[in-house]
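S.K.: Test case, fold it:
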Amino acid sequence: MKILFSIFILLSASLHAAQLTEQEQVVAITILAEARGEGQDGMGAVAAVISQRSVEKNKTAKNICLEKYQFSCWNNKKINQLTYLLKLPQAEFAIYLAKNIDNIDRSKVGYANHYYASYIKPPYWAKGKTPVSKIGKHLFFKL
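M.R.: This is a model prediction of the structure:
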């Protein structure tokens, strides 16, 4: 039964992935690459940052995700190198977030527009800054 359920989830995620626009694929992949181990709260928080940047910069979520050196998963990578992420069990929720990126509640992360994983050396932009939120292993900042 467990194997059948796992197969159903994989097939369901694959079907959802086939119906995605390129923007939805890019956003879902970014969410998965950045926070798939952080549960729904962590993935939602990353989606909120993408949405917040999109609003602030008046750019599409896809353009925000693909900006050079903003999300490390895209450094020197193409979409076809990362689509395997859309087959993970967490993909269904990431796809949901990607499809609803313009309606994400950004207040849950204090309208943060930056974040980093707390287990790495703080980036230059975080020096002297106080996080507005901590969700899972990520610290969120409003710069």
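
S.K.: CA only for contacts and neighbour counts going forward, please
M.R.: Fine.

S.K.: Give me the contact list for stretch 128-135.
M.R.: For stretch 128-135, the surrounding residues in contact (CA atoms under 8 Å, 6 or more residues apart in numbering) are D41, G42, A45, V109, G110, A112, L139, F140, F141, K142.

S.K.: May I have the distance across stretch 33-43, first residue to last?
M.R.: 10 Å (CA to CA, to the nearest Å).

S.K.: Could you list the buried residues of it?
M.R.: A33, E34, A35, R36, E38, G42, M43 (16 or more other CA atoms under 10 Å).

S.K.: ok, now stretch 130-143?
M.R.: Burial within stretch 130-143, assessed by neighbour count using 16+ other CA under 10 Å, is assigned to P131, V132, S133, K134, I135, G136, H138, L139, F140, F141, K142.

S.K.: check contacts around the nearest residue to the last one once chain neighbours are set aside.
M.R.: Looking back up the chat, that one is K142. In space, and not counting its chain neighbours, K142 is closest to A112: 4.2 Å by CA to CA, 6 or more residues apart in numbering. When contacts are counted by CA under 8 Å, 6+ apart, A112 touches A48, V49, Q52, R106, V132, F140, F141, K142, L143.

S.K.: what about Y116, which helix or strand?
M.R.: strand 114-117 (DSSP states H and E).

S.K.: now for that strand, which elements pack on it?
M.R.: strand 138-141 (3 or more CA pairs under 8 Å, 6 or more residues apart in numbering; DSSP states H and E).

S.K.: Against which helices or strands is the strand it packs on packed?
M.R.: Other helices and strands packing on strand 138-141, by 3+ CA pairs under 8 Å, 6+ apart, are strand 114-117, strand 133-135.

S.K.: taking the mean pLDDT, what do you get for the last one?
M.R.: This predicted structure assigns strand 133-135 an average pLDDT of 96.

S.K.: now swap in the first one and tell me
M.R.: Averaging the model's pLDDT scores along strand 114-117 yields 96.

S.K.: now stretch 81-95
M.R.: Rounded mean pLDDT across stretch 81-95 is 97.
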